[in-house]
Every structure is written in C-alpha cells, then in structure tokens.
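Visitor: Give me the fold of what follows.
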Amino acid sequence: MNRRASPPILFALVLAGIVMVAGPAGAGDFTADPLVQVSGTSPFGPGQPFACAVDDVAGQPGTNFPDSEVEPIVDVNPMNSLNIVGGWQQDRWSNGGARGLVAGVSFDGGASWTQVVIPKITLCSGGTPVNGGDFKRATDPWVTFAPNGDVYFFSLSLDIETPPDRPGGFGKNAMFVSKSTNGGMIWSDPIKIAEDTQPRLLNDKNAITADPTDADFVYAVWDRLKVPLGSVINPENVFGLGFKGPAQFSRTTDGGETWEPPRAIYDPGGNNQTIGNQIGVLPNGVVINFFNEILNFKNNDQGQQFEFNLSLIRSTDKGATWTRGKPIRAAKMQSLALFRLFGVIDPDTGQGVRTEDIIPEVAVDRVAGTLYAVWQDARFSGFSHDEIAFAQSTDGGFTWSTPIRINQTPTDIPPGNRQAFTPSVHVDDDGTIGVTYYDFRNNTPDPTTLPTDYFAVHCHPAASDCTNPANWASEARLTDASFDMRQAPLARGFFVGDYEGLASVGNDFATFFSQPHDGDPASVFYRRVGP
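Guide: Got it, this is the predicted structure:
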C-alpha cells in the first residue's frame, strides 16, 4: 500500500555465484549460494493464465508497471525445509497497490520456483462481486507457516479511485487470509476478516504470524487509519487534525477455519497512529505485538513534529487480552523521515527512494527467547543519512539494549552513498542473527544511474556480544552486480518494497528480495547464505 499517501504521514567470488566474507572471531565466514531468479512474466499480462477478462488498467488513476514484482516476503516449512513459500506484489501501481499478489513456491530448497496466483482477492485473480473479491488492487503480502506445515497468506485488497461525491477519501478496502495445506500450490478461497467502505477509513500495513507452539492459533495484525472529516469534504484545504491509527487484531483458534472479529488492541489516541505492526511469539507462549508508535508534537517528548517509537504490547493468553495503558517504548526510531518526506534520497538528484524508514522489523530466538529489532536510523551519522540500527531484549521485551549501527557500508565514501535502508532480521536454528539491507556504496558520479546492492550481516550471540558493533563485521554481498534503482517502479519514490523477505533454513538464511533486472522494473530473487 502507498502508505505515504495516508494523511497521518502527510501530517505528521561473485562471478561463480559464490561470495565469501571473513568475519571476526566467533562470527564465522558466510558463503552465499548462487542467485536464483524467482519471478517471471506477469501472470496478468496478455495471453497469460490470469489475463484479466476486464481491462483493470484503463481508467484507473496512476501509472501501472507491468512485470514488476516488489515487496517480497518469505517463510520456510518447519515440517519440510525444502518447501519455501514467498509472496509479492505483481504489477505495481504508482499510487498504491498492485494488480494482484503472487506466491513463489519451491520444493527443492529454492533451486526452482513455481508462480501461483493468490485467488479471488482482485478482479484479475478471479474476484467477483459474488465472492466478495471484486477489488481492483491488492498489496502488503505476508506469509507464515504453522508448525504443522499449513501456510497462510495475508493481504490487503483495495480500490484507489473514489466516487465523485467523496473526494479525498479512501476507496473500499479489506483484509483477506488465504490458506494452503499442500505447501503453497493450492490456496483456499480467501476469508475476509475486515472491510471498510467509509471514505475516512483504511486498513493498512498488515502482518500475520502462526503460533510456533500451537498450530491452531494464528495471529493477524494491522493498523486502521481514520482520517479527519475535513480531508474528505475539502481535500484541497484540509481543516482539523483528528486522525487516528489504532492497532487492529484478529486471530484464529481453529487452524484458520474461522477468524475472530477484528478489534483494536492498542489505540495511541487522537492525532497519533501505529504502523508496521508485527507479532512475535516467545518460547513460553507470550505473544508480543511490535509497532512504530507515531506521536505528534503535543504528545511526544522530543519537541518535534513527529516522534517514532519502537513500541510493544504483550499478551499472556494467546491474544485474548493485552496489556493496558502505555506500551513498552523500547527505543526511539530516528530516521530522517522524521524531518522530510523520504528518509533516503538519490544522492545525485535528491529524488526520493521509498524505503522502510518508518517501519521496524523484529525477530524472536525461538529457543533462547531473545528479541531482536532493526530499523533505519540517522543518529549514528549525526543525522546526515540513514543507517541500520539494532537493539535486543533478553527479558521478554521489558528492557532493551542501547541501539547500535550494524551495517558495514564503508565510511570513507560520500555520505549520500553511505545510506543503508530497508533492513530485515531473522534468527536461524543455532541462534545466529541475520540482517539484510540495501545501500549505495557502489554508486558512481553518473547522474543517470543509481547503482544499488543488497547485503547480509550476522552475529552469533553464543560466541559474541551482539550489542557490540565490532561483532557484526562479517558481511556477504547478495547481488551479483549492482542494479540501477532508478529503473524501479516509481511509487512516489523509487520502490522495491516497504520490506523484503528473510527466513532461515537450518543454520542458513533464506533471503528473498526485489531489484530491477533485464528491463523489468523489478524482479524477485532468492539466495541462501550461511556458514
């Protein structure tokens, strides 16, 4: 979803396919397997299996980017590590959403992939007024495997255009959950767990987590934005604040057969919002919802227009009830997006690059119970540019380490080329923490291109203190060659996703990311990396 259009934010050895990198004592070397392209020709294009019976592009506002695959997410079957399922937006629009969502499915550990359209969530994927899926666009894919091997796909479907009598408002939008019991090849009809048709309401930025301790329980979370009436009545001269963005929650307790009605589990109050809600489950069964809590200048302690907080709430009864009052505020998130529209910009032209600048990413060590978080932050550069911040909690989220910089972008290059962005974090079976990110270190003075690369770093807490930046010195390059970010879809800024995928296969990491490739605005790639 084009989250920047939401009023709260407006207001407020490579050639051989192998990369080996030496690291510090205890960190070990990382080797990257050959790069594998996952996505291919759009299934919604002419002559393809899901070519639309109706023209879903003509007449819609914005620009469509055919054969673009962005914002990938991935998970690995705990019952069969050769079975990997990812998801992405297919054919991205400039002003929000895509023509549909596609799953990439592998049964050989990522060596080969099959594209499977998620059915009945948009017109192009078989949605109709009868089955409730007659939406023109879909976005925000998220996948999760349950401990019994069932896999769930959670997404947002929406219409962008609004009727003439309600300019400035949102079109109808809904949250859907689909399920597969055969590793991602066949998906159930989606279950609609939330829908809004009022122009002031938008469900957005969803995530789903299967409880690793109980296959019957799966948790879905997102934010529900409510904009002020003035933005609907007169969008050219908005009056009043009055926006809200509580965290919404639904769960299944019967393995996806039914879902509870959505409810707000945390409301930061008027003129504040949550975004980037994500669920993590501790080994003892405690469920934690993490989010960026955006507070306006009247409610924060920074004295600036907005304040970003890595915040969390807890549930000790599998999501039935949640902690009341103020959330635990683990850390300040200090991306340059606090001060300008984009936290990351093209260092040569100043054009925006749309990144994960307001969304934290979290991971749980399912044995030790340690919590890890990463996000974009400019404090380490004296607010010259965004880099990757890391913090951890060893007591279930109650207290957190001081944030540190962990990206290994060289520091002897121009500041604009040192921007690092869109981190992902995961923990493998032996407790090693992996983090991926993009940066511009290989950028050149040529103003017509923006060479960009993708990297992974890691730290092993059993051998090293991961709150010490020196213990993150090992790095693997995941792109075989730099790609040109300026070829990516333009969705307010150059866009490959508000997040990228990262999971684990035993003691290795499964990376799943998007980049422009061979004339396509963006393609999804898989690469396995590990010791």
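Visitor: Bridge partners for Phe308, pull those for me.
Guide: Beta-bridge pairing for Phe308 (DSSP bridges): Ile294, Met333.
Visitor: State the distance from it to Gly96.
Guide: As judged by C-beta to C-beta, to the nearest Å, Phe308 and Gly96 stand 22 Å apart. Glycine gets a C-beta too; all of them are placed from N, C-alpha and C.
Visitor: same check, this time on Ser384
Guide: 31 Å.
Visitor: Between those two, which is the more surrounded one?
Guide: When Ser384 and Gly96 are compared for neighbours, Gly96 comes out ahead with 26 against 13, by other C-beta atoms under 10 Å.
Visitor: doesn't Thr63 make contact with that one?
Guide: No: applying C-beta atoms under 8 Å, one finds Gly96 not in contact with Thr63, separated by 11.4 Å.
Visitor: Does anything pack onto the strand or helix carrying Trp88? Which helices or strands?
Guide: Using DSSP states H and E, Trp88 falls within strand 84-92. The contact analysis (3 or more C-beta pairs under 8 Å, 6 or more residues apart in numbering; DSSP states H and E) places strand 84-92 against strand 69-76, strand 98-106, strand 137-145, strand 151-158, strand 501-505, strand 508-517, strand 520-530.
Visitor: For the closest residue to Leu478 other than its chain neighbours, give the beta-bridge partners.
Guide: Spatially, and ignoring its direct neighbours in sequence, Leu478 is nearest to Tyr454 (4.4 Å; C-beta to C-beta, 6 or more residues apart in numbering). Beta-bridge partners of Tyr454, counted by DSSP bridges, are Tyr438.
Visitor: residues contacting Tyr454?
Guide: Each residue near Tyr454 by C-beta atoms under 8 Å, 6 or more residues apart in numbering is listed here: 436-438, 477-479, 500, 511, 513, 515.
Visitor: can you count the residues close to Leu371?
Guide: As a burial measure, Leu371 scores 25 neighbours (other C-beta under 10 Å).
Visitor: Can you give me the neighbour number for the closest residue to it other than its chain neighbours?
Guide: Spatial nearest neighbour of Leu371, chain neighbours left out: Ser393 (4.3 Å); criterion: C-beta to C-beta, 6+ apart. Residues near Ser393, counting by other C-beta under 10 Å, number 20.
Visitor: Could you pull out the helices in the chain for me?
Guide: Counting by DSSP state H, one finds helices in the chain at the ranges 7-11, 229-233.
Visitor: Out of the ones you listed, which gets the lowest mean score?
Guide: With a mean of 33, helix 7-11 has the lowest mean pLDDT of the helices of the chain.
Visitor: Worst mean pLDDT across the helices and strands of this structure, which element?
Guide: helix 7-11 (a mean of 33; mean pLDDT, DSSP states H and E).
Visitor: Asp430 contacts Asn507, correct?
Guide: Yes: shown here, Asp430 and Asn507 form a contact pair, counting by C-beta under 8 Å, at 5.0 Å.
Visitor: And the strands in the stretch 351-500 of the chain?
Guide: Using DSSP state E, counting those that start in this stretch, the strands of the stretch 351-500 of the chain run over 352-354, 361-364, 371-377, 387-393, 404-405, 420-427, 433-439, 451-459, 475-477, 483-484, 490-491, 493-495.
Visitor: With mean pLDDT and distance to Leu201 as added columns, please give these in TSV.
Guide: TSV is the format used below for the strands of the stretch 351-500 of the chain (pLDDT from 0 to 100; distance: least, C-beta to C-beta, whole Å):
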stretch	mean pLDDT	distance to Leu201
strand 352-354	97	23
strand 361-364	98	26
strand 371-377	98	27
strand 387-393	98	32
strand 404-405	98	38
strand 420-427	98	28
strand 433-439	98	33
strand 451-459	97	36
strand 475-477	95	43
strand 483-484	98	37
strand 490-491	96	22
strand 493-495	97	24
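Visitor: Can you add distance to Phe291 and give these back as TSV?
Guide: What follows is the strands of the stretch 351-500 of the chain, written out as TSV (distance: least, C-beta to C-beta, whole Å):
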stretch	distance to Phe291
strand 352-354	19
strand 361-364	10
strand 371-377	11
strand 387-393	15
strand 404-405	22
strand 420-427	15
strand 433-439	19
strand 451-459	25
strand 475-477	29
strand 483-484	31
strand 490-491	22
strand 493-495	22
